[in-house]
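1. Pasted the sequence and its predicted model underneath.
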Amino acid sequence: MTTIADVIIIGAGIAGASLAWRLRGTRRVVLLEAEDSPSHHSTGRSAAMMTPYAGAPLIRAASVASRAFLLAPSDGFSDASLTTPRGVLRLAGEAELAALDAAHDDGIAEGRPFKRMTRAELMAMGLPITDRVVRGLLDTEPRDIDVDALHRGFLKGSGAELWLKAPAVSISRKGPDWVVETPKGVVTAPVLVNAAGAFADRVAGLAGVTPRGLTPCKRTIAHFDLPSHRTGKWPLIADPTFSFYAKPEATGLVVSPSDASPVDPGEVWPDDIDIAVAVDRMQGWLDIAVRRPSAAWSGLRSFFVDEDPVAGFDPEVPGFFWYAGQGGYGIQSSPALSRVAAAILCDAPIPADLSDAGLTRDALSPARLSQSSRKDPI
Ligand SMILES: Cc1cc2nc3c(=O)[nH]c(=O)nc-3n(C[C@H](O)[C@H](O)[C@H](O)COP(=O)(O)OP(=O)(O)OC[C@H]3O[C@@H](n4cnc5c(N)ncnc54)[C@H](O)[C@@H]3O)c2cc1C
């Protein structure tokens with residue numbers, strides 16, 4: 001039996017789920033997810049941070065525009081609060097002081113809540129800083145995101161039909177409609193959304209659409225239990241260049257070497273060497289002894305050549321809608337990016353607050369990734 005829909009979305013991670021939520025009540029949506037859980041890939045492996053002023057211009061604009069929703073979601077969206085205070089602290093030694101001061105002045109000029117921290121103030125926070133640390137720069141705005149609550153809120157409120165263990169295995173055209181075959185059945189619709197995360201170029205290929213040069217990059221995180229440190233209230237800690245970060249949790253720290261190795265889309269696992277690098281870099285700044293990690297995982301952050309996302313119809317193939325390339329910021333940008341994407345998909349005006357921030361049809365169109373600017377598909 002064939003299911004008839006208005007929109008088929010391939011991928012039920014945060015991108016596909018948030019777009020389905022934006023289309024609620026206006027379109028019959030079928031969400032196809034290859035895995036048995038919609039958070040199996042990048043969405044379930046993030047550092048769960050809201051750092052709105054990071055990243056390339058469009059993702060940054062979308063992240064800033066998403067703050068209001070993350071701080072106060074619509075009524076009934078989630079029983080739990082979606083964010084909690086965290087902050088980001090960059091540590092500096094003598095060699096990094098000039099760069100830290102410049103970052104402070106830039107932040108203050110932008111009206112951001114930056115505070116210089118003396119060594120004594122850092123020690124008073126209970127941070128086991130090494131002798132190398134001279135000063136810190138604390139940004140109090142970044143928050144932890146409850147990714148699970150956000151993702152579930154989008155999925156639950158979307159009213160979409162979610163098919164799990166339903167990889168799109170063949171995609172064809174029948175007149176104006178797309179026909180997608182999965183092991184769970186066949187679904188047809190005039191609009192096909194490619195929200196397949198790291199797999200977006202693969203899905204394009206399956207549909208006979210030219211790939212746009214998406215590069216999945218692997219990032220690793222390891223969790224260490226640290227019962228002797230009360231880490232829970234610490235900010236996320238990094239060096240000035242973010243060559244590592246350590247994010248406190250109630251039971252310890254998650255530590256990442258900020259790796260970004262290009263890989264093929266697929267399952268990824270942590271390498272011991274990446275965990276060792278993360279620990280070595282952290283121990284240059286924090287006097288913390290660790291043993292074996294209690295958990296470790298890797299996930300994919302996927303980038304187009306300009307490191308900004310796309311949301312728009314393919315200029316060459318009617319009805320094929322790209323929604324990919326959120327890189328390392330797909331969680332924190334999802335409320336606003338999905339609002340723009342839904343407007344583009346429905347051929348509605350883009351809300352003025354978002355177009356004024358630069359989130360326009362042209363800026364987000366996959367057409368901006370011209371043939372010459374594409375990387376070879378991996
Ligand atoms: C280590 C790490 C740390 C991060 N930290 C942060 C952070 O602190 N803050 C932040 O905002 N972002 C962060 N990110 C980025 C964020 O996780 C991603 O941008 C976001 O999850 C991408 O969502 P997505 O829905 O596009 O991809 P995914 O979550 O990967 O979803 C895509 C889905 O498509 C499915 N799919 C693929 N092919 C098919 C097919 N043929 N048929 C059906 N389904 C298919 C996949 O199974 C997958 O579930 C981090 C990422 C990593 C890896």
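-> That came in fine, so what should we check first? Numbers count the residues shown, from 1 in each chain.
2. CA atoms for contacts and neighbours, from now on please.
-> Fine.
3. Strands of the stretch 201-350 of the chain, residue ranges please.
-> Assigned by DSSP state E, counting those that start in this stretch, the strands in the stretch 201-350 of the chain fall at 215-225, 236-238, 245-249, 252-256, 261-262, 295-303, 310-313, 320-324.
4. Is there contact, residue-wise, from the longest one to the ligand?
-> Yes. Contact of strand 215-225 with the ligand is found when judged by Cα under 6 Å from any ligand atom, involving Arg219, Thr220.
5. what's the angle from that strand to strand 295-303?
-> Angle of strand 215-225 versus strand 295-303, following axes from the mean of the first three to the mean of the last three Cα atoms, to 10 degrees, is 160 degrees.
6. Dump the strands of the stretch 201-350 of the chain into a markdown table; add mean pLDDT and distance to Ala200 as well.
-> Formatted as a markdown table, the strands of the stretch 201-350 of the chain follow (pLDDT from 0 to 100; distance: least, Cα to Cα, whole Å):
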| stretch | mean pLDDT | distance to Ala200 |
| --- | --- | --- |
| strand 215-225 | 97 | 10 |
| strand 236-238 | 97 | 31 |
| strand 245-249 | 93 | 28 |
| strand 252-256 | 95 | 25 |
| strand 261-262 | 96 | 15 |
| strand 295-303 | 97 | 9 |
| strand 310-313 | 98 | 11 |
| strand 320-324 | 98 | 7 |
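7. Now render these as JSON lines, adding mean neighbour count.
-> Output for the strands of the stretch 201-350 of the chain, formatted as JSON lines (neighbours: other Cα atoms under 10 Å):
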{"stretch": "strand 215-225", "mean neighbour count": "24"}
{"stretch": "strand 236-238", "mean neighbour count": "25"}
{"stretch": "strand 245-249", "mean neighbour count": "24"}
{"stretch": "strand 252-256", "mean neighbour count": "25"}
{"stretch": "strand 261-262", "mean neighbour count": "14"}
{"stretch": "strand 295-303", "mean neighbour count": "22"}
{"stretch": "strand 310-313", "mean neighbour count": "27"}
{"stretch": "strand 320-324", "mean neighbour count": "26"}
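8. closest to Val191 out of those?
-> Among these, strand 320-324 comes nearest to Val191, with 6.2 Å by Cα to Cα.
9. Contacts made by that closest one with the rest, please.
-> 15, 191-197, 200, 309-314, 341, 345, 366 (Cα atoms under 8 Å, 6 or more residues apart in numbering).
10. Spatially nearest residue to Leu300, not counting backbone neighbours?
-> In space, and not counting its chain neighbours, Leu300 is closest to Lys218: 4.7 Å by Cα to Cα, 6 or more residues apart in numbering.
11. so Pro38 is in which element?
-> Remark: Pro38 resides in no helix or strand, with elements defined by DSSP states H and E.
12. all helices of the stretch 51-200 of the chain, in order?
-> 57-71, 97-109, 119-124, 147-158, 200-206 (DSSP state H, counting those that start in this stretch).
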